[in-house]
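Fold the following and give me the result.
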Amino acid sequence: MELVWYGLGCFRLMERGYPAVVTDPFDEESTGLSGCHARADIVTTSSPLDEPERAKWKGLRGPYRTLAGAGEYEIGGLFITAIDTFRDRKKGVELGQNVVYSFDCNGVVVCHLGELGHVPSQAQVEAMGSVHVLLLPVGIPGGLTPSLASEVVSLIEPNIIIPMQYKVPGLQLKRDPLDRFLKEMGVAKETPVPSLKLTSSNLPEETRVVLLELQQDRATGGGDA
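Numbering: from 1, shown residues only. Now for the predicted structure:
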């Protein structure tokens, strides 16, 4: 499986012979980022979706199937589990609902936490499955603090952590810097890589933080701390 990051919570997950997945595409005009301009077979969104919002996904090429709520899905050999959660620590009162997605593809499980704002329950963690790659929001104001993000990591115990939803060059939305999370985790900031390529046989035994380059048509790559 190969993962590419386009900023915020938008990733493209690709594996030969399986549907291409794009997670949390965004409105380019309001974010300042150019987003994902690629083919998608499946699009997932962590927030409730309406047609005007979908119309803003100008760069995506389809046709694609959109998932926007909890459930279990099997599409083209790809197994997807979607779990209802919240964007805040008050059961959605402040920031609303959030959907977490786990993608089980050819022996590798990637879990996208969306804009999760609380520590998940044990039942929610179990529903995510045995997570190999955790896509973790670390810079949303009012969302997971660095200490809470670290606690989430301890509960899920992934092989690889990929931070998302943090401050990058050109982003017009308010996001916190990445360095705060890295400091909490006790790891140094490494050079981001263009993409992450994984198989079930090359996963690290110890939990590792991997930074992905920002792939943008109009912006330069790299996370800004």
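
what helix or strand is the nearest residue to Ala38 once chain neighbours are set aside on?
Nearest non-adjacent residue to Ala38, counting by Cβ to Cβ, 6 or more residues apart in numbering: Arg12, 5.8 Å away. Using the backbone N, CA and C atoms, a C-beta is placed for each residue, glycine as well. Assessed by DSSP states H and E, Arg12 sits inside strand 11-14.

low-scoring stretches of the chain, by residue?
Within the chain, the stretches with pLDDT under 70 are 49-56, 217-225.

Verify the stated contact: Met1 with Asp104.
No. In this structure, Met1 is not within contact of Asp104 by Cβ atoms under 8 Å, at 10.5 Å.

Looking at the two, which is more packed in?
Met1 (22 against 19; other Cβ atoms under 10 Å).

residues in contact with the more buried one?
Met1 sits next to Leu13, Met14, Glu15, Cys105, Asn106, Val108, Val110, Lys197, Leu198, Thr199 when contact means Cβ atoms under 8 Å, 6 or more residues apart in numbering.

Mind checking which of these are in strands?
The strands, defined by DSSP state E, take in Leu13, Met14, Cys105, Val108, Val110, Lys197 from these.

Could you identify the longest helix within the chain?
Using DSSP state H to define each element, the chain has its longest helix at helix 146-156.

next one: that one to chain centre, how far?
Chain-centre distance of helix 146-156: 15 Å, with Cα atoms, centre = their mean, to the nearest Å.

Show me what it is in contact with.
Residues outside helix 146-156 that contact it (Cβ under 8 Å, 6+ apart): 111, 113, 116, 118-120, 122, 125, 128, 131, 134, 136-138, 144, 161, 180-181, 183-185, 207.

what's the answer for stretch 67-79, then?
With Cβ under 8 Å, 6+ apart, stretch 67-79 has contacts from 17-19, 21, 41-45, 47-49, 65, 80-84, 99, 101, 103-105.

redo that, cut-off 7 Å
18-19, 41-42, 44-45, 48-49, 65, 80-84, 99, 103-105 (Cβ atoms under 7 Å, 6 or more residues apart in numbering).
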